[in-house]
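Visitor: Got a predicted structure here, sequence first:
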Amino acid sequence: MIFITLFLFAQGFIRYDENTFRSFQITNKGFYCFNNIGRTQDIKFRDSFENIPKVILIPELFDIPGGVANYNLEITQITLTKFTLSIKCFDGVIYGIHYKWLAIDDQRIQVINQFNQKNFESLTLDHSNPNAQNYLISVIAFSFSGSVSFQVKVSEINTKSLTIIVTDLQNTLPNLISISYQIILGIDETFQQQPLALINSPYTSQEFAFIQSSWFLLPFYGFQYDGVQEIRFKKQYFSNVNNLWYDMNVGNFQSYATGCCCMPTLWHKQSWMKFEYITEFKPYEIGFISIKYFKDSKVDYLQSFKIEIQGDLQKATNLGLTRIIIDKAEQQTNLKIHTKCQEKETMKIILFIPNSTQNSITNPFFHSCLDSFEEVVITFTLISTSVAYQDLIVDISETECLISQLLFNYRFSQVDLFSIQKLIN
């Protein structure tokens, strides 16, 4: 099959690229992977990216004699024009591993790399984009000293973190020396996936209709291997005008191996992944604004400001940065800013984005504090422009409170919404 990739250029830069890497194969001159010997190789992109891209690996061929295979495999460097892949074998021999690789420069995608992991305990990791809660798992390598049976799973994911587990299906985890895998996170538009499928013999798939601006991927989620026979299988793709399909085959693959060739039990998902997006996240619009004044008010915060979300337990009172994520079900949110206002102080409210209602305050708005202590409570009604989690940053100092919003699109941006400043008269 001939793969044709269309490249999107923006000011001379590509936004995505893909190809298949076949150099880690014993039939390629100079590749030997055994007895603490390995290889490191640069893989060049078709052209330069504007920003460092995310690189995803999907195994396409395994050619391992079997019994024991202890090796490390990892991406060691990513630049604007290339990435570097490294393999080193300790015990056993690797005859060959091929990878489809994908590179994409888009902040709606996040790739979490876990290379050469020897600890298989539950692992909780932070992720940056609250709207990237769809995911794809790709097990790219595993080392073993006998039979193994495992899957990598995401047991929990929320707006800030995810938890990864490695399941031990047949009590063979002591034989699993290490695994390398990637978790690829994306927004709702990113993936279309079939249910997890099991294969343990040569297989020809059904036909799949092409999806515009999408890659067809077959990532592995886990393996079951008897620890005796060889691991020798590959993917092969076919297509016509409208559809594509694939084979999972066993065979010689032109290596120096002889004898039985064997396909382990493997779990994989038939997946489409978008590389061009329609979804564009935009900042809040400011609706109604109300300002109330309270004389001799008793306050429950030590610093100059307190920020709270009406009907929500989240609040910010400490100096510095606080992150607040608003649920995507809330299309209209009331954000209250409490501030202490004393004699000879003036409050200055600055809107950095337009007020969408008719009862707009003057911008900037000033309020001179009274002779006695007073508390000023400013309520901003924030209106969502899309059904999505809204990611706010509250930055509090002694004299200013700045509210901004994080947006993950092709580029990451932090958009200032409004600020409250305390000026000395």
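Guide: Right, received. Where do you want to start?
Visitor: For stretch 37-52, list every residue counted as buried.
Guide: Neighbour-count burial for stretch 37-52 flags 38-39, 43, 45, 49 (criterion: 16 or more other CB atoms under 10 Å). For every residue, glycine as well, the C-beta is placed using N, CA and C.
Visitor: could I get that stretch in CSV with only the CA atoms?
Guide: The C-alpha coordinates for stretch 37-52 follow below in CSV (Å, rounded to 0.1, in the frame of the first residue of the first chain):
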residue,chain,number,x,y,z
ILE,A,37,24.8,-3.6,22.1
GLY,A,38,22.2,-1.3,20.6
ARG,A,39,21.6,1.5,18.1
THR,A,40,20.5,5.1,18.1
GLN,A,41,19.1,6.7,15.0
ASP,A,42,17.7,10.0,13.9
ILE,A,43,14.4,10.1,12.0
LYS,A,44,13.9,13.2,10.0
PHE,A,45,10.6,15.0,9.4
ARG,A,46,9.6,16.0,5.9
ASP,A,47,10.2,19.6,6.8
SER,A,48,10.5,21.8,9.8
PHE,A,49,7.8,22.3,12.5
GLU,A,50,7.2,25.7,14.1
ASN,A,51,7.2,24.2,17.6
ILE,A,52,8.5,21.0,19.0
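Visitor: what comes into contact with that stretch?
Guide: When contacts are defined by CB atoms under 8 Å, 6 or more residues apart in numbering, stretch 37-52 is touched by residues 5, 7, 10-15, 17, 19, 21, 23-24, 30-33, 53, 71-72, 76, 78-89, 101, 103, 105, 411.
Visitor: Can I get the buried ones among these as something I can paste into PyMOL?
Guide: Here is the PyMOL command that picks out the buried ones among the contacts of stretch 37-52, judged by 16+ other CB under 10 Å:
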select buried, resi 14+15+17+19+21+24+31+33+53+71+72+78+83+85+86+87+88+89+101+103+105
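Visitor: Which of the contacts of stretch 37-52 fall within strands?
Guide: Per DSSP state E, strands hold the following members of these: 10, 13-14, 17, 19, 21, 71-72, 76, 78, 82-89, 101, 103.
Visitor: got any ranges where the chain has weak pLDDT?
Guide: The chain contains residues with pLDDT under 70 at 1-11, 251-261, 296-297, 355-361, 371-373.
Visitor: most centrally placed residue in it?
Guide: In the chain, the residue lying closest to the centroid (CA atoms, centre = their mean) is Q110, at 2.2 Å.
Visitor: What segments of the stretch 101-250 of the chain are strands?
Guide: Listed in chain order, the strands of the stretch 101-250 of the chain (DSSP state E, counting those that start in this stretch) span 110-117, 123-126, 134-144, 148-157, 161-168, 176-186, 191-193, 197-199, 203-204, 208-209, 214-217, 220-225, 231-239, 243-250.
Visitor: want to throw the ones you listed into TSV with distance to N334?
Guide: Conversion of the strands of the stretch 101-250 of the chain to TSV gives the following (distance: least, CB to CB, whole Å):
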stretch	distance to N334
strand 110-117	31
strand 123-126	28
strand 134-144	30
strand 148-157	28
strand 161-168	27
strand 176-186	30
strand 191-193	34
strand 197-199	47
strand 203-204	55
strand 208-209	46
strand 214-217	40
strand 220-225	43
strand 231-239	53
strand 243-250	50
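Visitor: Quick check: V139 touching V152?
Guide: Yes - counting by CB atoms under 8 Å, V152 is a contact partner of V139 at 5.6 Å.
Visitor: Now I179: closest residue in space that isn't a chain neighbour?
Guide: F142 (4.6 Å; CB to CB, 6 or more residues apart in numbering).
Visitor: my guess is that neighbour meets S178, correct?
Guide: Yes - in this structure, F142 is within contact of S178 by CB under 8 Å, at 7.2 Å.
Visitor: Could you pull up the residues touching S384?
Guide: 284, 328, 330-333, 390.
Visitor: May I see those residues arranged in a markdown table, with distance to V166, secondary structure and neighbour count as well?
Guide: Listed next are those as a markdown table, based on distance: CB to CB, whole Å; DSSP: H, G, I helix; E, B strand; the rest coil; neighbours: other CB atoms under 10 Å:
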| residue | distance to V166 | secondary structure | neighbour count |
| --- | --- | --- | --- |
| Y284 | 40 | coil | 24 |
| K328 | 31 | coil | 15 |
| E330 | 36 | coil | 15 |
| Q331 | 39 | coil | 14 |
| Q332 | 42 | strand | 11 |
| T333 | 39 | strand | 21 |
| Q390 | 34 | strand | 24 |
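Visitor: any idea which of the residues you listed is closest to G66?
Guide: K328 (48.5 Å; CB to CB).
Visitor: dump the residue contacts of that closest one.
Guide: K328 sits in contact with 131, 384, 387-390, where contact means CB under 8 Å, 6+ apart.
Visitor: Okay, and the beta partners of the residue nearest to the centre of the chain?
Guide: Beta bridges link Q110 to L185, judged by DSSP bridges.
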